[in-house]
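[1] Sequence plus the predicted model coming up.
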Amino acid sequence: MSLVVLAVDDEPPALDELVYLLGRQPDVGEVLQAGDATTALRVLNEHRTDAIFLDINMPGLSGLELAGVLTNYADPPAVVFVTAHDDKAVDAFEVGAVDYLLKPLREERLAQALARVIAARQSPARTEEPAAPATPTAPSADEVIPVELSGVTSLVRRDDISWVEAVGDYARLHSVTGSHLVRIPLSTLAARWQDQGFQRVHRSYLVALGMVTGLRTSGSSTVVCVRANGASGAVELPVSRRQMRELKDRLIRDPMRQYRGGTEGGESHG
């Protein structure tokens, strides 16, 4: 796949380096460039663009604000942030970034980001026809969360998450790639993912309905059984009384579920 990418940075030396490194990547066919967000918007409206590699701190419209504008486009380019600041990962998640690269850039990390761009562009949800210049409409439903581990930022797909656990003001994501602690309150994720197949079952837990294998009741307590990180085993999480009715209703009617368990009082089938 030969990508058309747009590099955006208000500092000429940083922009020159980004353009140079992008041009060295075999998956990149053309590199456009802009020194500010206003110019970037003009370029995006004049050229079909697969991805935008974007600095965060810029005068006028910031990179985050520009990315927010792009979420209203019919076929927005994949957004990759390129920044010297490691404290904006949560903000990047909020605007649906595909990746988050820290300066100084390393070519191997840039190659990983481009691989994620290609995966996003080839998603079944996207049209197979070449995209016309972007025009505003509904935002994309794809979502990933940037996580930090040993100084490396990677992204976890929402669809790969089985359940989420509250850890103070943080949340621990349990996914097929392991357990990841992110600085996002559980309440924020619960609100964002309510319509994406997730259900709050307890003040400390959020579960993916598609990973639920059953409910089990013992006395006055009920637990929901959830496939552990996509494996054959399951974990049992408490269900609060106030969440029980909505959980049962959604397990019955939610089209995104893969529920195979029993009802209250029955055995779970993990």
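    Sure thing, it's come through.
[2] which stretches of the stretch 151-270 of the chain form strands?
    152-157, 161-167, 170-175, 178-182, 198-202, 205-208, 212-218, 221-227, 234-239 (DSSP state E, counting those that start in this stretch).
[3] what separates stretch 25-42 from the chain centre, distance-wise?
    23 Å (Cα atoms, centre = their mean, to the nearest Å).
[4] Report how far apart the opening and closing residues of that stretch are.
    End-to-end distance of stretch 25-42 (Cα to Cα, to the nearest Å): 25 Å.
[5] Leu155 contacts Arg116, correct?
    Yes - counting by Cβ atoms under 8 Å, Leu155 touches Arg116, with 6.8 Å between them. Quick note: C-beta positions are derived from backbone N, CA and C, even for glycine.
[6] what do these two both touch?
    98-99 (Cβ atoms under 8 Å, 6 or more residues apart in numbering).
[7] domain assignment for this structure?
    3-142, 152-253 (automatic domain parsing).
[8] Using TSV, lay out these together with mean pLDDT.
    Converted to TSV, the domains of the chain look like this (pLDDT from 0 to 100):
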stretch	mean pLDDT
domain 3-142	83
domain 152-253	85
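[9] In TSV, list those domains along with mean neighbour count.
    Shown next, in TSV, are the domains of the chain (neighbours: other Cβ atoms under 10 Å):
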stretch	mean neighbour count
domain 3-142	17
domain 152-253	17
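[10] wait, what's in contact with the residue nearest to His47 when sequence neighbours are not counted?
    Nearest residue to His47 in three dimensions, chain neighbours excluded: Leu32, at 6.1 Å (Cβ to Cβ, 6 or more residues apart in numbering). Leu32 makes contact with 4-7, 43, 47, 49, according to Cβ under 8 Å, 6+ apart.
[11] Quick check: Arg121 touching Asp50?
    Yes - counting by Cβ under 8 Å, Arg121 touches Asp50, with 5.7 Å between them.
[12] who touches both of the two?
    Common neighbours of Arg121 and Asp50, counting by Cβ under 8 Å, 6+ apart, are 3, 78.
[13] circling back: would you reformat the strands of the stretch 151-270 of the chain as TSV and include distance to Ile252?
    Formatted as TSV, the strands of the stretch 151-270 of the chain follow (distance: least, Cβ to Cβ, whole Å):
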stretch	distance to Ile252
strand 152-157	26
strand 161-167	20
strand 170-175	24
strand 178-182	30
strand 198-202	12
strand 205-208	15
strand 212-218	12
strand 221-227	14
strand 234-239	15
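[14] Which one, of those, ends up nearest to Gly23?
    For the strands of the stretch 151-270 of the chain, proximity to Gly23 was assessed by Cβ to Cβ; strand 152-157 is nearest, at 23.1 Å.
[15] Let's see which of the contacts of Leu32 end up in strands.
    Counted as lying in strands by DSSP state E, out of the contacts of Leu32, are 4-7.
[16] Farthest pair within the residues you listed?
    Val4 and Ala7 (11.3 Å).
[17] Skipping adjacent residues, who's closest to Trp193 in space?
    Counting by Cβ to Cβ, 6+ apart, the residue nearest Trp193 is Arg158, at 6.8 Å.
[18] Contact partners for the one you found?
    143-145, 193, 196.
[19] between the residues you listed, which is nearest Asp55?
    Once Cβ to Cβ is applied, the member of these that ends up nearest Asp55 is Val144, at 19.8 Å.
[20] partner residues bridging Asp99?
    Val80 (DSSP bridges).
[21] where do the helices sit along the stretch 51-200 of the chain?
    63-70, 89-94, 107-121, 186-193 (DSSP state H, counting those that start in this stretch).
[22] need those helices in CSV with distance to Leu15, can you?
    Shown next, in CSV, are the helices of the stretch 51-200 of the chain (distance: least, Cβ to Cβ, whole Å):
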stretch, distance to Leu15
helix 63-70, 13
helix 89-94, 20
helix 107-121, 15
helix 186-193, 33
